[in-house]
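Visitor: Sequence first, predicted model second:
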Amino acid sequence: MVRTDFYQKLCSILAKEQILCEEPMSRHTTFRVGGPADYFVTPDPEQAAQLLALCREEQVPCQVIGNGSNLLVGDGGIRGVVLALAGQAAQIHVEGSCIRAGAGARLSQTAQAAARAGLGGLEFAAGIPGSVGGAVVMNAGAYGGELKDVLTYAAVLTPEGRQLTLSGEELELSYRHSCIPERGLTVLQARFQLLEKPQDDIKALMEDLKQRRMQKQPLEYPSAGSTFKRPQGHFAGKLIMEAGLAGFTVGGAQVSEKHCGFVINKGNAAAADIRSLIEQVQQRVFEHSGIRLETEVKYMGEF
């Protein structure tokens, strides 16, 4: 619910065009579903610290998101503030053999900037649709590469508004995990150490990975990428297929027939359809194989 007094306080920190009220989250998630957020704000890093302080003082919930590429927002929307970093937080800088990128920058664009500079190491990230901040939070990876392989540090904001610089080790990066959510940190910026490499070699590898994605993944439908984490010693997609769930449908949500590890919005799916499908897949796979699939997708808001 929008409060006039709180909106006025937001306007003391942000320009009005940086504040959207009752904003449908379907516009900000790659699943293309999700009800309205009370307030959707796009601050730069300095404004973000002030916003977090305001939300604490006013006891208004505040959720930080990236590009919404690993997120399922409930049909009931999100109460309070949704914060997506923008402005200076979306800038990318090449510094010698390093790339410094704001949390709001697209990871794919960061990989492209590295390629143009003749820097290798981020080729795996060229097809990942998330933001740099979101990628750091989940230690994003693909095709044998992970962010922890090239991340030297991330600048973060504590819940109290203090800025810290943490190394990959301090961030406790592991498979699709960091300590950032547990500590309530907000990523502001990341720095990657890369290696000089011929541009033609970088582009050739990126093109190869692009072709492999196009052949194997249902890129033509809205999704959140790989829906499930890879169980140790197994592949989620294979387990789902063996459980007879290729093409399994709930409402407008479907297990992709092209790649069973992807849950897709086949058309006009509700968030409730997607969540129900995910939970039924988890149950059926467990009954068939004894393996409990964990989601990469994060749930947010009211279902």
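Guide: Yep, it's here.
Visitor: Could I get the contacting residues of the closest residue to residue 44 other than its chain neighbours?
Guide: Distances taken as CB to CB, 6 or more residues apart in numbering put residue 87 closest to residue 44, at 3.7 Å, once the chain neighbours are dropped. Where you see a C-beta, it was placed from the backbone N, CA and C, and this is true even at glycine. Contacts here follow CB atoms under 8 Å, 6 or more residues apart in numbering; on that basis residue 87 touches 42-44, 104.
Visitor: out of the residues you listed, who has the most neighbours?
Guide: Using other CB atoms under 10 Å as the neighbour test, the contacts of residue 87 are led by residue 104, with 27 neighbours.
Visitor: I'd like the distance between residue 287 and residue 243.
Guide: 8 Å (CB to CB, to the nearest Å).
Visitor: returning to that earlier point: the residue nearest to residue 44 and residue 228, how far apart?
Guide: Residue 87 sits 34 Å away from residue 228, going by CB to CB.
Visitor: Count the neighbours of the nearest residue to residue 303 once chain neighbours are set aside for me.
Guide: Counting by CB to CB, 6+ apart, residue 74 is the residue found nearest to residue 303 once chain neighbours are left out, at 3.7 Å. If you count neighbours by other CB under 10 Å, residue 74 ends up with 19.
Visitor: Could you do residue 222 as well?
Guide: Neighbours of residue 222 under the rule other CB under 10 Å: 17.
Visitor: Which residues are in contact with it?
Guide: 30-33, 264-265.
Visitor: Can you pick out the most distant pair from these?
Guide: Pairwise distances across the contacts of residue 222 peak at 11.4 Å for 33 and 264 (criterion: CB to CB).
Visitor: which of the contacts of residue 222 count as buried?
Guide: Using 16 or more other CB atoms under 10 Å as the burial test, the contacts of residue 222 include 30-33, 264-265 as buried.
Visitor: Is it possible to get CSV of these that adds secondary structure?
Guide: CSV is the format used below for the buried ones among the contacts of residue 222 (DSSP: H, G, I helix; E, B strand; the rest coil):
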residue, secondary structure
30, coil
31, coil
32, coil
33, coil
264, strand
265, strand
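Visitor: Which of the residues you listed sits closest to residue 176?
Guide: Proximity of these to residue 176 (CB to CB) peaks at residue 30, which lies at 16.7 Å.
Visitor: how far away is residue 83 from residue 40?
Guide: For residue 83, the distance to residue 40 - CB to CB - is 8 Å.
Visitor: so what's the closest residue to residue 108 other than its chain neighbours scoring on pLDDT?
Guide: Distances taken as CB to CB, 6+ apart place residue 126 nearest to residue 108, at 5.6 Å, with adjacent residues excluded. With respect to pLDDT, residue 126 scores 93.
Visitor: do the same with residue 160
Guide: As predicted, residue 160 sits at a pLDDT of 83.
Visitor: and it, how many neighbours?
Guide: Applying other CB under 10 Å, I find that residue 160 has 10 neighbouring residues.
Visitor: where do the strands sit along the stretch 101-250 of the chain?
Guide: Ranges of strands in the stretch 101-250 of the chain, per DSSP state E, counting those that start in this stretch, are 119-120, 141-142, 145-146, 151-157, 163-167, 186-193, 195-196, 223-226, 249-250.
Visitor: packing partners for the first one?
Guide: Strand 119-120 is packed against strand 195-196, helix 199-216, with contacts defined by 3 or more CB pairs under 8 Å, 6 or more residues apart in numbering; DSSP states H and E.
Visitor: Go again with 7 Å.
Guide: strand 195-196 (3 or more CB pairs under 7 Å, 6 or more residues apart in numbering; DSSP states H and E).
Visitor: ok now do the closest residue to residue 137 other than its chain neighbours, which residues does it touch?
Guide: Closest residue in space to residue 137, ignoring its immediate chain neighbours: residue 180 at 4.8 Å, by CB to CB, 6+ apart. Applying CB atoms under 7 Å, 6 or more residues apart in numbering to residue 180 gives the contacts 137, 156, 171, 187.
Visitor: where's residue 180 relative to residue 168, distance?
Guide: 12 Å.
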